[in-house]
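Participant: Turn this into a model:
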Amino acid sequence: MSAQPVNPNLPPDHVTVIIDGIEVAAPKGSMIIQAADKAGIAIPRFCYHDKLAIAANCRMCLVDTEVGGRPVPKPSPACATPVADGMKVFTHNEKTQKYQRSVMEFLLINHPLDCPICDQGGECELQDVALGYGRSVSRFSERKRTVADEDIGPLVATEMTRCIQCTRCVRFTAEIAGTYELGGMYRGENLQIGTYDGKPLTTELSGNVVDVCPVGALTNKVFQFKARPWELQARESIGWHDAMGSNLFNHVRRGEVLRVVPRDNEAVNECWLSDRDRYSHQGLYAADRAGKPLRKVNGEWKEITWGEALGFATAILRENPGDALGVLAHPSTSLEEAGLLAALAEGLGSSNIDHRINQRDFSDAAVAEPFGMPLAEIEKADAIVIFASNIRHELPLLHQRIRKAVRKGAKVHVVNPVDFDFTFSAASKNIVPPSQLASALTDPALVEAVKGATHAAIIVGNIAEAHPQAAQLRATAKAFASATGAALCRIPQGANALGLSKIGFLPNPNPSHQGATAGKDVNAMFAEPRSAYVVYGIEPGLDFADTAGALKALNGAKVIAFSHYACTSTRNVADLILPIGALPEIEATLINLDGTVQTTMAGGKLPGDAREGWKVLRAIGGELGVAGFDFTDLDGARELVAKRAAFAPAASKAPDIESQGLEAVSVVGIYRTDATVRRASALQSHPLNVGARIVLNPADAHAAGIKEGQVVKASAAAGTATVPVIIDKRVAQGAAWIEAGHGATAPLGAGRITVVAA
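Facilitator: The predicted structure is shown next:
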């Protein structure tokens with residue numbers, strides 16, 4: 001006769017487990033520790049992590065169990081023992097406490113007694129568990145072993161004598177990051193964790209090994225010895241360097257952001273954080289951070305008061321109203337700031353408003369759109385097409401979700417001009433020059449492969465969105481999605497590009513204000529220069545797709561720069577610099593690629609005399625008598641912005657396409673995406689920050705008589721750059737891969753390039 005279930009009312013895929021006398025329903029095949037966590041029953045652990053594979057290394061979670069009414073003679077590791085119907089688990093009885101205290105004693109045999117100076121002191125899992133399960137006096141008198149430290153890069157510090165070999169970091173780099181850079185070396189008591197080859201970590205997610213380390217063996221090198229955790233205040237915020245909007249905490253002491261850590265959100269970033277979001281706060285304290293209003297007088301910059309600055313700004317705006325004024329904002333600008341800026345421009349009669357500063361082709365009137373498939377669902381897809389994107393650098397945590405999908409059996413198909421490094425295997429790759437991307441996507445074999453999937457997505461990246469023929473590529477991707485049933489996921493080109501599109505921070509083709517003319521997009525504003533510009537949060541020498549056109553137009557006009565940095569390119573074009581707070585320093589609202597509205601708390605202190613951008617705009621609008629600018633607080637500003645609505649901008653002429661030379665593949669470097677990231681010294685020292693260069697296919701290099709490492713002159717319609725050459729067969733023949741975001745490569749754009757020896 002078969003055994004009867006303890007609770008016959010349970011779903012068929014669940015069993016009943018009795019933990020410390022409490023009945024818990026647990027899925028079949030799950031582990032004791034998972035059932036205990038669900039019931040809120042604490043079991044100590046070090047190696048177990050709910051996002052990593054089970055290792056059962058540390059044995060700290062040993063418990064006493066009974067199965068079928070009989071005691072199990074040996075202790076059971078709760079993280080690696082599957083539940084059974086009717087199983088009894090004892091997590092705090094005398095036997096269990098003996099097991100756990102014995103394990104703790106062994107773990108501490110070689111652990112150094114450096115809690116007072118350990119930079120993880122106060123937030124160390126080992127310290128916490130040892131308080132409850134450790135002995136007050138060690139019974140071991142033998143000499144403790146020591147382990148030599150490795151330099152594994154500018155982001156993660158090592159103190160490997162503290163390591164308890166839980167292997168969380170090893171499993172993270174293998175399973176989540178996919179780079180397999182850490183591992184166990186030697187055997188027995190000589191076992192140690194390291195890289196073996198002594199090279200720095202190259203994963204773009206390396207800071208997460210700090211979070212998963214339960215001791216002080218791996219710590220944040222940027223934060224090291226800066227403060228104790230109990231001195232810090234946590235401020236909720238979000239990542240602002242890509243469109244994902246990862247949830248995070250800014251850890252602040254006396255107004256200075258000293259550390260950034262992830263904030264759990266399963267729908268967005270789970271419990272992880274990219275290095276770009278984790279370490280970019282360094283850039284907030286760069287030497288050229290704008291802290292005082294500055295005015296250019298006879299070619300020299302002079303510090304002025306806010307009263308003088310506002311007076312000068314309003315004078316420029318009064319003298320250049322209507323169509324004479326162009327207004328441009330960085331696509332990471334908050335809704336509050338952008339909404340007020342648009343309202344100010346419209347109050348002055350100007351519809352020349354745009355945030356699409358890093359794009360070239362608006363002939364299809366495209367704006368950012370929410371993903372056709374929720375971010376969290378992408379890891380459940382069975383077919384994914386990556387179209388014109390270095391997804392690993394563009395959205396590191398989306399790349400990680402795609403890797404999860406592949407590990408579950410998904411097929412990934414890649415259509416790109418460069419065979420970029422991904423940490424998963426692709427079912428198919430089609431590496432072609434940019435001009436052939438559209439035809440490659442319509443390959444019948446690819447269409448049939450995706451059409452047969454039940455849950456498919458096509459992800460369209462920056463290479464397509466910023467291309468001179470972006471309209472054609474977007475149309476092809478849309479047609480592909482329609483033909484295959486795949487969800488269309490166009491990556492918004494900026495942390496708040498979707499939000500700015502939703503509130504109409506775009507050139508209005510049908511302005512309602514009296515006497516206003518149809519708005520011009522960013523390209524038209526530079527092709528037909530305005531007499532005055534407002535640039536908001538932009539570093540002019542690096543943030544525009546058409547750098548040469550932008551600088552030419554700005555140099556011939558009056559320019560008011562709302563800026564986080566008083567950098568060289570801003571000083572060169574501006575007449576007035578108004579210092580404003582960056583996202584970690586202000587309350588703000590952004591919309592991520594899923595269309596999720598997310599808010600931040602003010603964390604860091606504003607530098608010098610800098611002000612929140614919305615307050616400066618409120619003061620200027622009030623001085624100019626613009627309707628609606630009579631509010632006095634942020635809630636009032638939000639009410640004004642909430643009245644704005646999305647609209648479709650007009651299509652414009654597509655850029656001219658050159659026919660001679662190599663096709664440029666311009667991809668913004670992972671740590672060159674915006675002004676703050678570019679000033680984070682630790683990220684600039686990272687191996688992934690390769691610097692200004694041009695990468696050619698061996699056949700193209702041979703035809704031009706160019707050798708590896710040779711310095712060449714690369715010429716495009718916008719100018720010439722002198723850069724070294726890398727030869728790499730991953731680049732499609734006929735294409736030239738350029739890392740954008742560097743001053744040296746700024747003239748090259750995304751058209752055609754001629755390369756000759758310097």
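Participant: Next, the distance between the ends of stretch 144-161.
Facilitator: Stretch 144-161 has an end-to-end distance of 9 Å (criterion: CA to CA, to the nearest Å).
Participant: Revised request: answer the last question for stretch 278-285.
Facilitator: Stretch 278-285 stretches 15 Å from its first residue to its last (CA to CA).
Participant: Equivalent analysis for stretch 251-261, please.
Facilitator: Separation of the first and last residues of stretch 251-261 by CA to CA is 8 Å.
Participant: Please apply the same query to stretch 183-201.
Facilitator: Using CA to CA, the end-to-end distance of stretch 183-201 comes out at 12 Å.
Participant: what comes into contact with that stretch?
Facilitator: The contact list for stretch 183-201, computed with CB atoms under 8 Å, 6 or more residues apart in numbering, reads 145, 147, 150-156, 160, 163, 165, 167, 169-170, 173, 179, 181-182, 209, 217, 686-687. C-betas here are computed from N, CA, C, even on glycine.
Participant: Now, those that are in strands?
Facilitator: Using DSSP state E, the subset of those located in strands is residue 156.
Participant: What subset of the contacts of stretch 183-201 is buried?
Facilitator: With burial judged by 16 or more other CB atoms under 10 Å, the buried subset of these is 147, 150, 152-156, 163, 165, 167, 169-170, 173, 179, 181-182, 209, 217, 686.
Participant: Which parts of the stretch 101-250 of the chain are strands?
Facilitator: 156-158, 183-185, 192-194, 218-220, 233-238, 247-253 (DSSP state E, counting those that start in this stretch).
Participant: Export these as a markdown table, with columns for distance to residue 642 and mean pLDDT.
Facilitator: Listed next are these as a markdown table, based on distance: least, CB to CB, whole Å; pLDDT from 0 to 100:
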| stretch | distance to residue 642 | mean pLDDT |
| --- | --- | --- |
| strand 156-158 | 43 | 96 |
| strand 183-185 | 53 | 93 |
| strand 192-194 | 52 | 93 |
| strand 218-220 | 39 | 96 |
| strand 233-238 | 20 | 97 |
| strand 247-253 | 23 | 97 |
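Participant: Tabulate those strands in JSON lines, adding columns for distance to residue 306.
Facilitator: Rendered in JSON lines, the data for the strands of the stretch 101-250 of the chain read as follows (distance: least, CB to CB, whole Å):
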{"stretch": "strand 156-158", "distance to residue 306": "41"}
{"stretch": "strand 183-185", "distance to residue 306": "56"}
{"stretch": "strand 192-194", "distance to residue 306": "54"}
{"stretch": "strand 218-220", "distance to residue 306": "36"}
{"stretch": "strand 233-238", "distance to residue 306": "26"}
{"stretch": "strand 247-253", "distance to residue 306": "25"}
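Participant: now for these, which one comes closest to residue 456?
Facilitator: Of all these, it is strand 247-253 that lies closest to residue 456, at 27.4 Å by CB to CB.
Participant: Which other helices and strands does the closest one contact?
Facilitator: Counting by 3 or more CB pairs under 8 Å, 6 or more residues apart in numbering; DSSP states H and E, the packing neighbours recorded for strand 247-253 are strand 233-238, strand 256-262.
Participant: Tell me which of the ones you listed is the most buried.
Facilitator: Among the helices and strands packed on strand 247-253, strand 256-262 has the highest mean neighbour count (mean count of other CB atoms under 10 Å), at a mean of 21.
Participant: Going along the chain from it, find the next helix or strand for me.
Facilitator: With elements assigned by DSSP states H and E, the helix or strand that comes after strand 256-262 is helix 275-279.
Participant: Give me the helices and strands touching that following helix, please.
Facilitator: If you count contacts as 3+ CB pairs under 8 Å, 6+ apart, helix 275-279 packs onto strand 256-262, helix 681-684.
Participant: quick one: which of these is nearest residue 622?
Facilitator: Proximity of those to residue 622 was assessed by CB to CB; the nearest stretch is strand 256-262, lying at 30.9 Å.
Participant: report the angle between the axes of the closest one and strand 247-253?
Facilitator: Orientation check (axes from the mean of the first three to the mean of the last three CA atoms, to 10 degrees): strand 256-262 against strand 247-253 gives 150 degrees.
Participant: in its sheet, what does strand 256-262 sit against?
Facilitator: Pairing partners of strand 256-262, with direction, according to DSSP bridges: strand 247-253 (antiparallel).
Participant: if we can go back for a sec, redo the helices and strands packed on helix 275-279 as JSON lines? Include mean pLDDT and distance to residue 640.
Facilitator: Shown next, in JSON lines, are the helices and strands packed on helix 275-279 (pLDDT from 0 to 100; distance: least, CB to CB, whole Å):
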{"stretch": "strand 256-262", "mean pLDDT": "97", "distance to residue 640": "29"}
{"stretch": "helix 681-684", "mean pLDDT": "96", "distance to residue 640": "36"}
